[in-house]
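1. Below are the sequence and a predicted model; questions follow.
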Amino acid sequence: MKRRKFLKATGAGIATTGLAGILAAHRAPVFAQANTVHILRWNDFVPAADKVLREVFAPEVQKALGLKLNIETVNANDLPARATAAIQSGNGPDIIMLLNNLPHLYSSAAVDVSSLADEVGKAQGGIYDPAAQLNKVGGKWVSMPWSLVPALIAYRKSWFDDVGYKTFPDTWEKYRAAGVLLKKKKRPIGQTLGNTFGDAPTFTYPLLWSFGGQEVDAKGKVVIDSKETLESVRFMTQFWKDAHDEGGLAWDDSNNNRAFLSGDVSASLNGASIYVAALNGADKFKTETGAPLHTDILHAPLPAGPKGAHAYHTAFNHMVMKYSKNAKGAVEFLRWAHTKANYDKWFVVQKGFATGPTREWENHSMWNQDKVMLPFKTAPLAQKRLMGFAGQPDKKAAEAWNKYIVTVMYAQAASGKMQPEQSVKWAAGELGKIYT
């Protein structure tokens, strides 16, 4: 290539990079990208939170750090596929949001962010232990926990009162009995059993545990094919027919929101997004008497089974990717974003839908503004188990969750596609393919 032609193609970059460096890299330099951080996240169920990232974080981080923040959002169900494609190609976002224990699945592609996690934890009262288990692999932090979205049951207080339940049912049997009465009044329970990231697994895993079932034992042996698991599947099969909107088999994490807000269902396990939407849209969402819908919504934890009550809350984590050309800038952005003054700007618009990754955020004054949201304040403390119990929330547990094995086990029986016994054995077989 003649010198004049090469200069025309690459511009002045040759003066600062050098021909040898360009040829060694097999690509022309792209200086415009050097100070850009591309972050891939989910489409937040509280749209105001994404607005903060774009309209507040982006200009402020450019001023503070000289970084141009490129924010891309997609449906949360698409994040694993995007992460896999980026890692395989060695090219993609500098930071990718990964849910729950997926950091274990992609740990080999991660930048070590241990110093960042230690710094934030020390400054903010400590990172919650479940977050540490989800984001630490081999003793190092492979991703940084960003938030937790607690899963609680949003329910219509007046409708439950109407069928004789002045307080929310505290056992599965009572919940089923209430649901039978509600469905007769065309006010069924709305629950997704679809292959979706949030509301389905946060329902099915605690249901399994509350009956004494578990995927594996402490040594990683598959033990899901048990009388306890079978009892839970039999219960859910009948509960589904007696009390639920059976269309929930095909729902994702947004369908139940729409069904509740339109008055089609009486209760649904959800983050606080239903209530926040009703609160922000008080003029739009009304009860049958014309009152603002949010005035008739309360929240409750999942009921107890024979082995107690359990909870699982969806974790949102940020992984800095090894292939990134600006990993240093990506880590610096996360450090900036996690400082209390900056994180607060994002946190307050969530109104409690998302809690912080550290104990610091339990003390925020926001929790004093709305008593309906108080159950979300301490919800992270109720989470004692993670996917893969009684084993570890490791790579195998992440693969099982990502394939929705536990959720599908319940869905197949509820739909009538399989008998409960068949579905439990199917789940055992699928887990056996992973835990070998």
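-> Structure's in. What do you need?
2. List the contacts of stretch 331-351.
-> 37, 39, 46, 48-49, 51-53, 56-57, 60-61, 64-65, 67, 69, 95, 111, 113, 116, 119-120, 123-124, 144, 147, 272, 276, 279, 318, 320, 354, 356, 360-361, 364, 366, 370, 373 (C-beta atoms under 8 Å, 6 or more residues apart in numbering). C-betas here are computed from N, CA, C, even on glycine.
3. Can you mark which positions in it are buried?
-> For stretch 331-351, a neighbour-count test (16 or more other C-beta atoms under 10 Å) marks 331-338, 342-343, 346-351 as buried.
4. Equivalent analysis for stretch 142-160, please.
-> Those would be 142-157, 159-160, for stretch 142-160 by 16+ other C-beta under 10 Å.
5. Also stretch 49-58?
-> Residues 49-50, 52-53, 57-58 are the ones in stretch 49-58 that count as buried (16+ other C-beta under 10 Å).
6. distance of the residue lying closest to residue 99 once chain neighbours are set aside from residue 80?
-> Nearest residue to residue 99, sequence neighbours excluded (C-beta to C-beta, 6 or more residues apart in numbering): residue 197, at 5.7 Å. With the distance defined as C-beta to C-beta, to the nearest Å, residue 197 ends up 9 Å from residue 80.
7. Which of these two has more residues huddled nearby?
-> residue 197 (23 against 18; other C-beta atoms under 10 Å).
8. Correct me if wrong: that one contacts residue 316.
-> No - the criterion here is C-beta atoms under 8 Å, and residue 197 misses it with residue 316 at 10.3 Å.
9. Overlap of the contact sets of these two?
-> Joint contacts of residue 197 and residue 316 (C-beta under 8 Å, 6+ apart) are residue 99.
10. per-residue confidence at residue 429?
-> pLDDT for residue 429: 98.
11. just the strands in the stretch 201-350 of the chain please.
-> Counting by DSSP state E, counting those that start in this stretch, the stretch 201-350 of the chain has strands at residues 267-270, 297-300, 314-320.
12. tell me what the second one is packed against?
-> Counting by 3 or more C-beta pairs under 8 Å, 6 or more residues apart in numbering; DSSP states H and E, the packing neighbours recorded for strand 297-300 are strand 152-156, helix 273-280, helix 374-377.
13. just to revisit the earlier point, just the strands of the stretch 201-350 of the chain: most buried one?
-> Greatest average neighbour count among the strands of the stretch 201-350 of the chain goes to strand 267-270 (a mean of 26), per mean count of other C-beta atoms under 10 Å.
14. So for that one, mean pLDDT?
-> Strand 267-270 comes out at a mean pLDDT of 97.
15. Check the contact between residue 208 and residue 231; I expect there is one.
-> No - with contact defined as C-beta under 8 Å, residue 208 does not reach residue 231; the gap is 10.3 Å.
16. Please name the nearest non-neighbouring residue to residue 128.
-> residue 380 is the one closest to residue 128 (C-beta to C-beta, 6+ apart), at 5.4 Å.
17. neighbours around the one you found, how many?
-> Look at residue 380: counted by other C-beta under 10 Å, it has 23 neighbours.
18. now, the most widely separated pair of the buried residues of stretch 49-58?
-> Across the buried residues of stretch 49-58, the longest distance by C-beta to C-beta is 13.5 Å; it joins 49 and 58.
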